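Enquirer: Have a look; sequence and predicted model below, questions after that.
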Amino acid sequence: MEKYILKIKKINDKAVIPNYAHEGDAGLDLYAVQELILNPGERGLVHTGIQIELPKNTEAQIRPRSGLALKSGITTLNSPGTIDEGYRGEIGVILINHSNEIFKIEHGMKIAQMVIKPVFKVEIIETSELSESERNEKGFGSSGTR
């Protein structure tokens with residue numbers, strides 16, 4: 001199995017380097033480097049204090065933490081968020097408070113997870129015909145509810 005290297009640069013002394021909580025986890029935990037209050041229905045950009053350099057032909061996907069979503073109603077917007085291979089700015093996470101309670105994000109809190117995925121580049125060809133499929137144009141609930 002090929003080994004991929006993710007380079008991480010701390011741009012804030014208080015930043016926590018992302019890590020896997022358990023062997024076999026798909027997502028690296030991302031940590032807040034600030035405190036922020038999210039009122040019910042409010043969204044905010046949470047800084048992580050890190051920059052990354054992704055391996056070639058990969059993306060980083062920012063995903064919600066299931067525990068925050070279930071216990072506190074906090075999730076990520078634009079999910080999964082995509083960090084492109086060439087981006088070198090600070091990693092920020094857009095969180096939203098779907099609960100009826102004020103939620104305080106604290107420094108060092110796990111706020112999201114980051115999954116590194118391969119990206120396939122495709123050649124674009126304009127055409128006037130597409131092949132038939134079993135599904136064709138059926139969508140938006142066409143598979144039923146059971």
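Expert: That came in fine, so what should we check first? Numbers count the residues shown, from 1 in each chain.
Enquirer: Can you tell me the SS state at residue 71?
Expert: Three-state secondary structure (criterion: DSSP: H, G, I helix; E, B strand; the rest coil) places residue 71 in helix.
Enquirer: Could you measure from it over to residue 103?
Expert: From residue 71 across to residue 103, the span is 10 Å (C-beta to C-beta, to the nearest Å). All C-beta spots, glycine's among them, are computed from the backbone N, C-alpha and C.
Enquirer: okay, the two: which has more neighbours?
Expert: Neighbours were counted for residue 71 and for residue 103 using other C-beta atoms under 10 Å; residue 103 has more, 19 against 10.
Enquirer: what's the pLDDT at the more buried one?
Expert: Confidence per residue is given as pLDDT, and for residue 103 that number is 98.
Enquirer: my read: it touches residue 74, true?
Expert: Yes: taking contact to mean C-beta atoms under 8 Å, the distance of 5.7 Å between residue 103 and residue 74 places them in contact.
Enquirer: Please enumerate the shared neighbours of the two.
Expert: Taking C-beta atoms under 8 Å, 6 or more residues apart in numbering as the criterion, residue 103 and residue 74 both touch 38, 97.
Enquirer: need the contact list for residue 64.
Expert: Residues counted as contacts of residue 64 (C-beta under 8 Å, 6+ apart) are 74-76, 79, 112-113.
Enquirer: Try it again at 7 Å.
Expert: The neighbourhood of residue 64, defined by C-beta atoms under 7 Å, 6 or more residues apart in numbering, consists of 75-76, 79, 112.
Enquirer: Tell me the one among these nearest to residue 124.
Expert: When the contacts of residue 64 are compared for distance to residue 124, the smallest value, 26.4 Å, is given by residue 79; criterion: C-beta to C-beta.
Enquirer: ok, the closest one to residue 110 distance?
Expert: 16 Å.
Enquirer: what's the answer for residue 117, then?
Expert: Taking C-beta to C-beta, one finds residue 117 at 20 Å from residue 110.
Enquirer: Given the helix or strand where residue 112 lies, what are its sheet partners and their directions?
Expert: Per DSSP states H and E, residue 112 falls inside strand 110-118. Sheet pairing here is set by DSSP bridges, and for strand 110-118 it gives strand 28-31 (antiparallel), strand 58-63 (antiparallel).
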